[in-house]
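Q: Structure for this input, please:
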Amino acid sequence: MKSFTVLQGIAAPMDRANVDTDMIIPKQFLKSIKRTGFGKNLFDELRYLDEGKPDQSCEGRPVNTEFPLNFPRYQGATILLSRENFGCGSSREHAPWALDDYGFRSVIAPSFADIFYNNCFKNGLLPIILSEAIVDQLFKEMYATEGYQLTIDLQSQVVKTPSGESFAFEIDEFRKHCLLNGLDDIGLTLEHADAIRAYEAKKRVESPWLFDVVKN
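A: As a prediction, this is how the structure comes out:
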């Protein structure tokens, strides 16, 4: 998993409340569990004017020119601004996979659905909760300034605007540790690889028959 320390990037808008996971990545694209390749179908029903199909190339598809992520000014965005209850609906982990594969490293909103919020941390995506008033301010500044960039400092737990204004955010210390060090569940386990090997070696001596059963 990619580590998250300091991110400076263009912010893009998803200016609506209750964005559910089916909107983030529609159900027909959930057949793969590879975690990659979903970015091209992120917000598929909003980005395109036709119905997307699994394994379909997006080249040549009719584009919705009124959808912000299709605007030139938001190309290369790594931070998504949204409204309350982002990620509601079904618990599909494909939603953070699609956001990450598209290029987003962080989503800022006044609130998130619990399961989506937890899934983000497992996949190196940082969900940041800021008040509705602050999010509204960021939207206004972003709309007024093409190429609007925010800086997110995870160690200091602040979001900085181009004018130098800073907004603090809360994050669980364990989740912060994992993001800073790029540790997913497998990475956390491997941190204790020496202890695991020592335990297995001890058990091989104490109960060799058990390993023979497992082996066979």
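Q: just the strands in the chain please.
A: 6-14, 79-82, 106-109, 126-129, 149-153, 158-160, 166-168 (DSSP state E).
Q: As JSON lines, those strands with distance to residue 33 would be great.
A: C-beta: built from backbone N, CA, C; applies to glycine. Formatted as JSON lines, the entries for those read as follows, by distance: least, Cβ to Cβ, whole Å:
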{"stretch": "strand 6-14", "distance to residue 33": "25"}
{"stretch": "strand 79-82", "distance to residue 33": "23"}
{"stretch": "strand 106-109", "distance to residue 33": "22"}
{"stretch": "strand 126-129", "distance to residue 33": "22"}
{"stretch": "strand 149-153", "distance to residue 33": "29"}
{"stretch": "strand 158-160", "distance to residue 33": "32"}
{"stretch": "strand 166-168", "distance to residue 33": "36"}
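Q: Could I get the buried residue list for stretch 48-60?
A: For stretch 48-60, a neighbour-count test (16 or more other Cβ atoms under 10 Å) marks 48, 52 as buried.
Q: typo on my end, stretch 9-19
A: 9-14, 19.
Q: Figure out how far that stretch is from the centre of its chain.
A: In this view, stretch 9-19 has its centroid 13 Å away from the chain centroid, taken as Cα atoms, centre = their mean, to the nearest Å.
Q: How about residues contacting that stretch?
A: Residues outside stretch 9-19 that contact it (Cβ atoms under 8 Å, 6 or more residues apart in numbering): 43, 68-69, 74, 76-88, 105, 108, 138-139, 142-143, 147-150.
Q: quick one: contacts for the most centrally placed residue in the chain?
A: When Cα atoms, centre = their mean is applied to the chain, the residue found nearest the centroid is residue 125 (3.2 Å). Residue 125 makes contacts with 96, 99-100, 104-107, as judged by Cβ under 8 Å, 6+ apart.
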